[in-house]
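*Asks:* build me a model from this:
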Amino acid sequence: MLSAIFGPDPTRRLAAHDLAALPATWMTAACMDGRFRRLSGWLGFGWCTSAPKSWTCRLAAYKGVFGVLPVAANADAEPAAAAFRLFYFPAADDPLLDSFSLSAAIAASAPEALAWIRDFPSRPEAAEAFCIAEMRLVLAQPALAVGLALEADLARRVAAPDGIAAPAGGWIVPPGGLEEDLPAFAIARGLFRVLAAGLAAATGSPPGTPRRRTAPAAAWEIRGGALVPAGEIPGGRVTEALSWGAADACPGALPAPEEAGAYRLARLAAGAEAPDAAEIVAADRPQLIVLSGFLGSGKTSFLNQFIEFQAAHDRLVGVIQNELGETGVDAKMLEGDDSVLAIDAGCVCCTLAGSLTRGLRSLAETLKPEIVVLETTGLANPLNMLAEFAEIGDIAELSAVVAVVDAALYRQSLAASEVAGGQIAAADTVVLNKCDLVDAPTRAAIAADIRRRNPGARIVEAEFGRVNPVLFSEGLSRHAATDQPCPVCGCGHDPAHLPHDHGPSQACDCQDHDRPPHHRHHDHAHHRHHDHAHGHAVTHLDEGFSAIRLTLAPAVARETLDALLAACPPSVFRVKGIARLTGVETPQVVQYVPGRYDCRPTEKADDTPPFLLVIGRGLNEEEVRRHWRPLIKE
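*Replies:* Just a heads-up that it's a prediction; the model follows:
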């Protein structure tokens, strides 16, 4: 099976550039199997633009970004060999960030960090602080053998005998403390294990017994502001190697001690070992993305683009679509409807509690999608779903809670409903949509308010719902665990006792935000809507929102429809439906939010009787029907 690496003609030698690209090549082949991706936690890779064959990648178990940089490739030698440097760039909220040097931690936390990290070879001096290991690859072509070796310091430590003083007094690093204490080998081994598993999966061959050798590691310290050698650490540098066939990437190494099945993933990937029940469940679970957003924010536009992207990458997406009213509109606007499960006539976050679990089981049994998106109603408050999130672990892996926000109606939405604030509070990622409708200062002010409401959320600006879908499959939602802090302020109370009442226009009123987390003593009784007995966050029913469905005449005049949409009273927040216009053959999807409306042809053939769904606060059905009487079917 190693011929999968060497090609159909194993006597044809690989060129040096092919050798340098080989790890990315086998990972691409391995990840054609969705089970491997889920089992390994591989989240994909991207090529760097400034250095051929260099790339970055993400693993579910790490918050940061790994980098792989080929530094040498000799295709003419026997065995052929290539050398790589491995990097790890921690995220700003990464627990590993504090293990890096101060300068590296500052660089990684800068707002522009991610942009240059994606092309880290273009900034070699900045990237050097994040290099954690070296990797060697050897190919013995006549014997069809491969060797792979990792070399790194067990702990990269830099002492500060004189300490590092803080500008305002005190110490950043006390005298004799460590300015850097990085578990380089352990971090690098996380990537190395997955690369080895990818090679095993691509070839169908498990590696032989891991081998290891040790050597002294250099010790360093800071004196006079300069980094100087400080002797050696015996046994501090470790080389660990794997081989497929007879190749040896680590001559003279001894068999490595067994460490809780360090390379079991490679054996699983090659089919040499059977997964246990828990691993089978983990590999078969789809990712779940919960998509929320206030009325008319652009959730369905975002979802269409997400589905299109995943389809282009041969990933099946199942959609659980929850709408108010007996007949859904949004499903008729999706690119395809074979994988859409509609849950209508109620809200999954309140009156249809438990329907998420049932919907997930139904999709998992019938379609077996890799990704499931729950598109909630525009009036759904995800804070009411946290308990159910904690109960779905055996069915799906909660990847992200996403809130889509209409930049043009941001203030109006928050003023109208606390649900809009709850959607932001619960989100892992907030998509600030329709940015083309507001200027830069307004966008900046909205982003600042979102950060105030939910400091931990990622904010992504978008137009027409266009966002890189990879952003929503990079690990786990913070709600996937049961022991989580308040999604808004991080003050540490039990999320099952949410909601936090952050109101339509204010942040959490916890008085302890300026204290270290372990000094916070938060009494949640002072929140107006805290209801610990029922775990109840505000819902659209609490706020008097409702939906009224109107059956339209078989054909209506476009001018009349436009006039009635333009004249909607302030109590109406959303109108959507299907209309047949006089003289127009294709049914039209009608969309309205305050100040904007349009009609567009349906994406596919539709025989649904024409209707409108009017959603608002304090609606009087008699008045609504009187307003729309010129279009209603008698």
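*Asks:* how is this structure partitioned into domains?
*Replies:* Under the assignment automatic domain parsing, the domains of the chain span 3-263, 285-526, 545-631.
*Asks:* can you tell me which of the ones you listed is most buried?
*Replies:* Burial among the domains of the chain, expressed as mean neighbours by mean count of other Cβ atoms under 10 Å, is greatest for domain 285-526, which shows a mean of 20. To be clear about C-beta, it is placed using only N, CA and C from the backbone, and glycine gets the same treatment.
*Asks:* so for that domain, what's the average pLDDT?
*Replies:* The average pLDDT within domain 285-526 is 70.
*Asks:* try stretch 196-215
*Replies:* Model confidence over stretch 196-215 averages 88 on the pLDDT scale.
*Asks:* that one: end-to-end distance?
*Replies:* The separation between the terminal residues of stretch 196-215, taken as Cα to Cα, to the nearest Å, is 23 Å.
*Asks:* helix or strand: which one has the nearest residue to Arg58 once chain neighbours are set aside?
*Replies:* Excluding its sequence neighbours, the residue lying closest to Arg58 (Cβ to Cβ, 6 or more residues apart in numbering) is Leu43, at 3.9 Å. According to DSSP states H and E, Leu43 maps onto strand 42-47.
*Asks:* how about that strand as CSV, C-alpha atoms only?
*Replies:* What follows is strand 42-47, C-alpha atoms only, in CSV (Å, rounded to 0.1, in the frame of the first residue of the first chain):
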residue,chain,number,x,y,z
TRP,A,42,-7.8,17.7,11.5
LEU,A,43,-9.4,21.0,10.5
GLY,A,44,-7.7,21.6,7.2
PHE,A,45,-4.7,23.5,5.9
GLY,A,46,-3.8,26.4,3.7
TRP,A,47,-0.8,27.1,1.5
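*Asks:* what strands line up against it, and which way round?
*Replies:* On the basis of DSSP bridges, the sheet neighbours of strand 42-47 come out as strand 55-59 (antiparallel).
*Asks:* what's the partner strand in contact with?
*Replies:* When contacts are taken as Cβ atoms under 8 Å, 6 or more residues apart in numbering, the neighbours of strand 55-59 outside the stretch itself are 24, 27, 40-48, 65-68, 117-118, 120, 190-191, 194, 474-475.
*Asks:* next, the angle strand 55-59 makes with the longest helix along the chain.
*Replies:* Determined from DSSP state H, the single longest helix within the chain is helix 184-203. The directions of helix 184-203 and strand 55-59 differ by 100 degrees, with axes from the mean of the first three to the mean of the last three Cα atoms, to 10 degrees as the criterion.
*Asks:* for Val575, list each beta-bridge partner.
*Replies:* Judged by DSSP bridges, the bridge partners of Val575 are Tyr592, Val614.
*Asks:* show the pLDDT at it.
*Replies:* Per the predicted model, pLDDT is 91 at Val575.
*Asks:* so who does Ala165 touch?
*Replies:* Ala165 sits next to 171-172 when contact means Cβ under 8 Å, 6+ apart.
*Asks:* brain fart, Ile632
*Replies:* If a contact means Cβ under 8 Å, 6+ apart, then Ile632 has 550-553, 625 as its contacts.
*Asks:* bridged to it, which residues?
*Replies:* Beta bridges link Ile632 to Leu552 when assigned by DSSP bridges.
*Asks:* how close does it get to Pro90?
*Replies:* Taken as Cβ to Cβ, to the nearest Å, the spacing of Ile632 relative to Pro90 amounts to 60 Å.
*Asks:* same question, Gly298
*Replies:* When Cβ to Cβ is the yardstick, Gly298 and Pro90 sit 33 Å from each other.
*Asks:* for the stretch 251-400 of the chain, just list every one of the helices.
*Replies:* 264-269, 277-284, 299-312, 355-366, 386-389 (DSSP state H, counting those that start in this stretch).
*Asks:* can I get these in CSV with distance to Ala184?
*Replies:* Shown next, in CSV, are the helices of the stretch 251-400 of the chain (distance: least, Cβ to Cβ, whole Å):
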stretch, distance to Ala184
helix 264-269, 21
helix 277-284, 28
helix 299-312, 35
helix 355-366, 40
helix 386-389, 35
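*Asks:* the ones you listed: which one's closest to Arg237?
*Replies:* Nearest of these to Arg237, taken as Cβ to Cβ: helix 264-269 at 23.3 Å.
*Asks:* which helices and strands does the closest one pack with?
*Replies:* Applying 3 or more Cβ pairs under 8 Å, 6 or more residues apart in numbering; DSSP states H and E, one finds that helix 264-269 makes contact with helix 34-40, helix 184-203.
*Asks:* ok, which of those comes nearest Leu97?
*Replies:* Nearest to Leu97 among the helices and strands packed on helix 264-269 is helix 184-203 (12.0 Å), distances taken as Cβ to Cβ.
*Asks:* need the next SSE after the closest one, C-terminal direction.
*Replies:* Scanning the chain past helix 184-203 towards its C-terminal end, the next helix or strand to appear is strand 211-223 (assignment: DSSP H and E).
*Asks:* partner strands of the next helix or strand along the chain from that following strand, parallel or antiparallel?
*Replies:* Taking DSSP H and E as the definition, the helix or strand that follows strand 211-223 towards the C-terminus is strand 226-244. Here the strand partners of strand 226-244, with direction, are listed using DSSP bridges: strand 145-153 (antiparallel), strand 211-223 (antiparallel).
*Asks:* any chance of the domains of the chain in CSV, plus distance to Ala537?
*Replies:* Rendered in CSV, the data for the domains of the chain read as follows (distance: least, Cβ to Cβ, whole Å):
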stretch, distance to Ala537
domain 3-263, 25
domain 285-526, 3
domain 545-631, 14
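*Asks:* closest to Ala269 out of the ones you listed?
*Replies:* Counting by Cβ to Cβ, Ala269 lies closest to domain 3-263 out of the domains of the chain; the figure is 3.7 Å.
*Asks:* and the closest one, how far out from the chain's middle?
*Replies:* In terms of Cα atoms, centre = their mean, to the nearest Å, the gap separating the centre of domain 3-263 from the centre of its chain is 23 Å.
*Asks:* out of the helices of the stretch 251-400 of the chain, which gets nearest to Phe464?
*Replies:* Distances from Phe464 to each of the helices of the stretch 251-400 of the chain were compared using Cβ to Cβ; the shortest belongs to helix 299-312, at 5.8 Å.
*Asks:* surely Gly359 touches Gln321?
*Replies:* No. Under the contact definition of Cβ atoms under 8 Å, Gly359 does not touch Gln321, with a separation of 9.4 Å.
*Asks:* now the helices for the stretch 1-150 of the chain?
*Replies:* Assigned by DSSP H, counting those that start in this stretch, the stretch 1-150 of the chain shows helices spanning 3-6, 16-20, 22-30, 34-40, 102-109, 113-117, 124-128.
*Asks:* is it true that the residue nearest to Arg58 touches Ala60?
*Replies:* Yes. With the criterion set as Cβ under 8 Å, Leu43 and Ala60 qualify as a contacting pair; they are 6.0 Å apart.
*Asks:* so what's Gly245 closest to, chain neighbours aside?
*Replies:* Of all residues not flanking Gly245 in the chain, Ala145 sits nearest, at 2.9 Å (Cβ to Cβ, 6+ apart).
*Asks:* now do the contacts for Ala269.
*Replies:* Ala269 is in contact with 30, 36, 39-40, 197-198, 200-201, counting by Cβ under 8 Å, 6+ apart.
*Asks:* and the gap between it and Ala196?
*Replies:* Distance check for Ala269 against Ala196: by Cβ to Cβ, it reads 9 Å.
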